[in-house]
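J.: Here is a sequence together with a model predicted from it:
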Amino acid sequence: RLDDDFLDPLVFRPDSVLGVPGIMNAYERGSVTLANAVGTGISDDKAVYSYMPEIVKFFTGEDPILHNVPTYRCREKEAFAYVMDNLSKLVVKEVN
């Protein structure tokens, strides 16, 4: 998967050497299909990932079939305390 910024230098970052010039025009015409449509990278964000069980439940009314890796939002007091008490056992990543 390529970040949207680098997908098409004619539409996004003109300095991109990774993307394909004109691919967005072809996509808009229906000439090509993108496996990961533009904008879907937001669901790949670590912060959004922590909300996925609630998002699935909201939209489907059902619990997710596949469970997340336990994820703690450190802005929440109890989660932060748990993370700090178990720091040596956890993987901690920055969220943008």
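T.: Structure's in. What do you need?

J.: gap between the residue in the chain sticking out farthest from the centre and Gly19?
T.: In the chain, Asp85 marks the outermost C-alpha relative to the chain mean, sitting 27.6 Å out by C-alpha atoms, centre = their mean. Look at Asp85 and Gly19: by C-beta to C-beta, to the nearest Å, they are 45 Å apart. (C-beta placed from N, C-alpha, C; glycine too.)

J.: Next: Leu2.
T.: From Leu2 to Gly19 the distance is 7 Å (C-beta to C-beta).

J.: now do Glu76
T.: For Glu76 relative to Gly19 (C-beta to C-beta), the value is 38 Å.

J.: More neighbours: which of those two?
T.: Shown here are Glu76 and Gly19; by other C-beta atoms under 10 Å, Gly19 has more neighbours (20 against 12).

J.: which SSE is that one in?
T.: Under DSSP states H and E, no helix or strand contains Gly19.

J.: Check what pLDDT it gets.
T.: Per-residue confidence at Gly19 stands at 89 (pLDDT).

J.: tally of neighbours for Leu34?
T.: 14.

J.: Look at it and tell me its secondary structure.
T.: coil (DSSP: H, G, I helix; E, B strand; the rest coil).

J.: ok, now which ones touch the closest residue to it other than its chain neighbours?
T.: Distances taken as C-beta to C-beta, 6 or more residues apart in numbering put Tyr27 closest to Leu34, at 5.9 Å, once the chain neighbours are dropped. The contact partners of Tyr27, taken as C-beta atoms under 8 Å, 6 or more residues apart in numbering, are 33-34, 38.

J.: I'd like the distance from stretch 40-58 to the chain centre, please.
T.: 7 Å (C-alpha atoms, centre = their mean, to the nearest Å).

J.: Dump that stretch to CSV, keeping only the CA atoms.
T.: What follows is stretch 40-58 as a C-alpha-only set of coordinates in CSV (Å, rounded to 0.1, in the frame of the first residue of the first chain):
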residue,chain,number,x,y,z
THR,A,40,-8.7,4.4,3.4
GLY,A,41,-5.3,4.9,5.2
ILE,A,42,-7.2,6.6,8.0
SER,A,43,-8.3,3.3,9.3
ASP,A,44,-4.7,2.2,9.5
ASP,A,45,-4.1,4.8,12.2
LYS,A,46,-3.2,3.5,15.6
ALA,A,47,-5.6,5.8,17.3
VAL,A,48,-8.5,4.8,15.1
TYR,A,49,-7.6,1.1,15.4
SER,A,50,-8.3,1.3,19.1
TYR,A,51,-11.9,2.3,18.4
MET,A,52,-12.6,-0.5,15.8
PRO,A,53,-14.6,-2.8,18.1
GLU,A,54,-16.9,0.1,19.0
ILE,A,55,-17.1,1.2,15.3
VAL,A,56,-18.0,-2.4,14.2
LYS,A,57,-20.7,-2.6,16.9
PHE,A,58,-22.1,0.8,16.0
